[in-house]
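Colleague: quick one: sequence plus predicted model below, questions after.
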Amino acid sequence: MIDHTLLKPDATSAQIRRLCAEAQEYTFAAVCVNPTWAALCVELLAESPVRVCSVAGFPLGATLPEAKALETERLVALGVQEVDMVINVGRLKDGDLQAVWADIAGVVQAAHGQDALVKVIIETCLLTQEEKVAACVLAQEAGADFVKTSTGFNGPGATVADVALMRQVVGPHMGVKAAGGVRTAADARRMIAAGATRIGASAGVQIVQGFMAGDPAASAAPTVDPTGGETY
């Protein structure tokens, strides 16, 4: 249920190759990389069950909706199977809910046209409780497959309280991805207990090794199918 993640701006091809090798070794759900590395990951993981995830409007979310949709179209044409997009936080704070919905819907339309999944990053650390709820509702109404806590680029990442709130808002059938600051098996266990069905982490190997070393949650940690539902 882990998206093995490398979104640093200075990531190199050698690091991306290692990321993909680790993802195959540990059978992670996906790798998550910047668009410039998407084609390489698709090539490296072509014979693997590991999915390729990339990002749109990342990390600020303040690009034009048309740019996010076009970025998504190009990514899925390359073979990317999942797209993590960032909402327009400023528009949400302005109360322009129609603009936020349309921004998400454009990406969803572009991705779903090629059977790719969409995870909507709401950047919880920048939002009030009411805004978190509104963002989750808009993502769900726009047809997204997951809501995701954070980019990891703006302050604190995922918190148990935020994951629990997101799960409460979207209900049992939509995916919830906890990302940002999840570094240990104990961190992952808390997020899963709060309702996360996917974990985004650059420390995926350490997390799995923690489970394998005897973390009490290891035997109960769910795997996640591509639609966001839990399977044990």
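Modeller: Alright, I've got the coordinates.

Colleague: please count neighbours and contacts with C-alpha atoms only from this point.
Modeller: Noted.

Colleague: quick one: the helices in the chain?
Modeller: Applying DSSP state H to the chain gives helices spanning 13-26, 38-44, 65-78, 89-93, 97-112, 129-141, 160-170, 185-194, 204-212.

Colleague: what sits against residue 71?
Modeller: Residues near residue 71 by C-alpha atoms under 8 Å, 6 or more residues apart in numbering: residue 56.

Colleague: what's the spacing between it and residue 85?
Modeller: Distance, residue 71 to residue 85, by C-alpha to C-alpha, to the nearest Å: 10 Å.

Colleague: so what sits against both of those two?
Modeller: Shared contacts of residue 71 and residue 85, counting by C-alpha under 8 Å, 6+ apart, come down to residue 56.

Colleague: so what's residue 52 bridging to?
Modeller: Here residue 52 sits in beta bridges with residue 31, going by DSSP bridges.

Colleague: would you agree it is in contact with residue 80?
Modeller: Yes. Residue 52 is within contact range of residue 80, at 5.2 Å (criterion: C-alpha atoms under 8 Å).

Colleague: between the two, which contacts overlap?
Modeller: Common contact partners of residue 52 and residue 80 (C-alpha under 8 Å, 6+ apart): 38, 42.

Colleague: more crowded one of these two?
Modeller: When neighbours are counted by other C-alpha atoms under 10 Å, residue 52 comes out ahead of the other of residue 52 and residue 80, with 30 against 27.

Colleague: contacts only, for that one.
Modeller: Each residue near residue 52 by C-alpha under 8 Å, 6+ apart is listed here: 30, 31, 32, 38, 41, 42, 45, 79, 80, 81, 82.

Colleague: same question for residue 94.
Modeller: By C-alpha under 8 Å, 6+ apart, residue 94 lies in contact with nothing.

Colleague: how far away is it from residue 141?
Modeller: Relative to residue 141, residue 94 is positioned 19 Å away (criterion: C-alpha to C-alpha).

Colleague: who's in contact with residue 20?
Modeller: With C-alpha under 8 Å, 6+ apart, residue 20 has these contacts: 31, 41, 44, 45.

Colleague: burial of the residue nearest to residue 85 when sequence neighbours are not counted, as a residue count?
Modeller: Closest residue in space to residue 85, ignoring its immediate chain neighbours: residue 56 at 4.6 Å, by C-alpha to C-alpha, 6 or more residues apart in numbering. Counted by other C-alpha under 10 Å, the residues lying close to residue 56 total 25.

Colleague: spatially nearest residue to residue 58 (excluding sequence neighbours)?
Modeller: Spatial nearest neighbour of residue 58, chain neighbours left out: residue 86 (5.9 Å); criterion: C-alpha to C-alpha, 6+ apart.
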